[in-house]
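# output the structure for:
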Amino acid sequence: MYQFPGLVIDLYQNRKIADAERRASDAALDTKFLKGEILDLQWKADALTIACQALWEVLRGEVGLSDDMILMKMEEIDLRDGRADGKISREVVICERCGRKGNSARKQCLYCGSPLSPENVFESY
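Numbering: from 1, shown residues only. The predicted model follows:
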(Lines give C-alpha, C1' and ligand atoms only; values in the text may rest on other atoms or scores of the structure.)
Protein backbone atom coordinates (compact mmCIF):
# COMPACT_ATOMS: atom_id res chain seq x y z
CA MET A 1 0.00 0.00 0.00
CA TYR A 2 1.41 3.40 -1.03
CA GLN A 3 1.60 6.26 1.33
CA PHE A 4 0.64 9.21 -0.81
CA PRO A 5 2.43 11.98 1.17
CA GLY A 6 5.67 9.96 1.22
CA LEU A 7 5.46 9.37 -2.55
CA VAL A 8 5.00 13.08 -3.22
CA ILE A 9 7.98 13.93 -1.03
CA ASP A 10 10.12 11.31 -2.80
CA LEU A 11 9.15 12.68 -6.24
CA TYR A 12 9.91 16.22 -5.11
CA GLN A 13 13.31 15.22 -3.69
CA ASN A 14 14.20 13.23 -6.82
CA ARG A 15 13.38 16.26 -8.95
CA LYS A 16 15.53 18.49 -6.76
CA ILE A 17 18.41 15.99 -6.95
CA ALA A 18 18.13 15.80 -10.75
CA ASP A 19 18.11 19.62 -10.98
CA ALA A 20 21.20 19.83 -8.77
CA GLU A 21 23.00 17.21 -10.87
CA ARG A 22 22.14 19.11 -14.06
CA ARG A 23 23.40 22.39 -12.61
CA ALA A 24 26.62 20.70 -11.47
CA SER A 25 27.12 19.25 -14.95
CA ASP A 26 26.50 22.68 -16.54
CA ALA A 27 28.97 24.28 -14.12
CA ALA A 28 31.60 21.67 -15.03
CA LEU A 29 31.14 22.46 -18.73
CA ASP A 30 31.35 26.19 -18.05
CA THR A 31 34.54 25.67 -16.04
CA LYS A 32 36.12 23.63 -18.83
CA PHE A 33 35.24 26.33 -21.38
CA LEU A 34 36.56 29.13 -19.18
CA LYS A 35 39.83 27.28 -18.57
CA GLY A 36 40.30 27.17 -22.35
CA GLU A 37 39.56 30.88 -22.60
CA ILE A 38 42.10 31.63 -19.85
CA LEU A 39 44.76 29.60 -21.66
CA ASP A 40 44.05 31.49 -24.90
CA LEU A 41 44.30 34.84 -23.13
CA GLN A 42 47.52 33.81 -21.38
CA TRP A 43 49.01 32.80 -24.73
CA LYS A 44 48.02 36.16 -26.25
CA ALA A 45 49.41 38.07 -23.26
CA ASP A 46 52.70 36.15 -23.51
CA ALA A 47 52.93 36.86 -27.26
CA LEU A 48 52.30 40.57 -26.66
CA THR A 49 54.90 40.65 -23.89
CA ILE A 50 57.48 39.10 -26.21
CA ALA A 51 56.58 41.56 -29.00
CA CYS A 52 56.85 44.54 -26.65
CA GLN A 53 60.18 43.33 -25.29
CA ALA A 54 61.52 42.83 -28.82
CA LEU A 55 60.40 46.30 -29.90
CA TRP A 56 61.88 47.85 -26.79
CA GLU A 57 65.23 46.12 -27.28
CA VAL A 58 65.38 47.31 -30.89
CA LEU A 59 64.52 50.89 -29.88
CA ARG A 60 66.95 50.87 -26.99
CA GLY A 61 69.77 49.58 -29.19
CA GLU A 62 69.08 51.51 -32.40
CA VAL A 63 67.74 54.82 -31.10
CA GLY A 64 69.51 54.97 -27.77
CA LEU A 65 66.51 55.28 -25.49
CA SER A 66 66.92 54.35 -21.84
CA ASP A 67 64.90 52.09 -19.56
CA ASP A 68 64.05 55.14 -17.44
CA MET A 69 62.52 56.83 -20.49
CA ILE A 70 60.13 53.96 -21.17
CA LEU A 71 59.20 53.67 -17.49
CA MET A 72 58.40 57.40 -17.37
CA LYS A 73 56.27 57.09 -20.52
CA MET A 74 54.44 54.08 -19.09
CA GLU A 75 53.68 56.05 -15.92
CA GLU A 76 52.49 59.04 -17.98
CA ILE A 77 50.09 56.85 -19.99
CA ASP A 78 48.83 55.14 -16.84
CA LEU A 79 48.08 58.50 -15.20
CA ARG A 80 46.09 59.89 -18.16
CA ASP A 81 42.87 58.87 -16.44
CA GLY A 82 44.04 60.33 -13.12
CA ARG A 83 44.75 56.96 -11.47
CA ALA A 84 47.97 54.97 -11.18
CA ASP A 85 46.26 51.61 -11.55
CA GLY A 86 48.23 49.91 -14.31
CA LYS A 87 45.29 50.14 -16.72
CA ILE A 88 44.62 52.16 -19.82
CA SER A 89 41.14 53.61 -19.79
CA ARG A 90 38.76 54.22 -22.65
CA GLU A 91 38.62 57.75 -23.96
CA VAL A 92 35.87 59.99 -25.23
CA VAL A 93 36.06 60.30 -29.02
CA ILE A 94 34.25 63.00 -30.98
CA CYS A 95 32.62 61.75 -34.18
CA GLU A 96 34.01 63.68 -37.16
CA ARG A 97 30.70 63.38 -39.02
CA CYS A 98 28.01 64.29 -36.47
CA GLY A 99 30.14 65.83 -33.70
CA ARG A 100 28.68 63.67 -30.94
CA LYS A 101 30.72 62.04 -28.22
CA GLY A 102 31.44 58.33 -28.37
CA ASN A 103 33.48 55.73 -26.52
CA SER A 104 36.86 54.73 -27.95
CA ALA A 105 35.87 51.09 -27.40
CA ARG A 106 33.36 51.40 -30.25
CA LYS A 107 34.44 51.19 -33.87
CA GLN A 108 31.45 53.16 -35.18
CA CYS A 109 29.48 56.17 -33.99
CA LEU A 110 26.41 55.11 -32.06
CA TYR A 111 24.38 57.93 -33.64
CA CYS A 112 25.37 58.15 -37.31
CA GLY A 113 27.32 54.92 -37.90
CA SER A 114 30.47 56.53 -39.28
CA PRO A 115 33.84 55.08 -38.25
CA LEU A 116 35.37 56.52 -35.07
CA SER A 117 39.05 57.40 -34.97
CA PRO A 118 40.47 56.92 -31.47
CA GLU A 119 43.66 58.73 -30.54
CA ASN A 120 45.27 55.50 -29.39
CA VAL A 121 46.22 53.39 -32.42
CA PHE A 122 45.84 50.19 -30.41
CA GLU A 123 42.18 50.96 -29.65
CA SER A 124 41.37 50.88 -33.36
CA TYR A 125 42.55 47.28 -33.75
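# rounded mean pLDDT for the longest helix anywhere in the chain, please.
Across the chain, the longest stretch assigned as helix under DSSP state H is helix 4-63. In this model, helix 4-63 has an average pLDDT of 93.
# name the helices or strands packed onto that helix?
Packing partners of helix 4-63 (3 or more C-beta pairs under 8 Å, 6 or more residues apart in numbering; DSSP states H and E): none among the helices and strands. Quick note: C-beta positions are derived from backbone N, CA and C, even for glycine.
# run the chain-centre distance for it.
Centroid separation for helix 4-63 versus its chain: 14 Å, with C-alpha atoms, centre = their mean, to the nearest Å.
# where does residue 104 fall, phi/psi-wise?
For residue 104, the backbone dihedrals (degrees, to the nearest 10) come out as phi -70, psi -10.
# distance of the residue nearest the centre of the chain relative to residue 49?
Closest residue to the average C-alpha location of the chain: residue 41 at 9.1 Å, with C-alpha atoms, centre = their mean. Distance of residue 41 to residue 49, computed by C-beta to C-beta, to the nearest Å: 12 Å.
# kindly state the domain boundaries assigned to the protein.
The chain breaks down by automatic domain parsing into domains covering 1-88, 90-125.
# buried deepest among those, which one?
Of these, the one with the most neighbours on average (mean count of other C-beta atoms under 10 Å) is domain 90-125, at a mean of 13.
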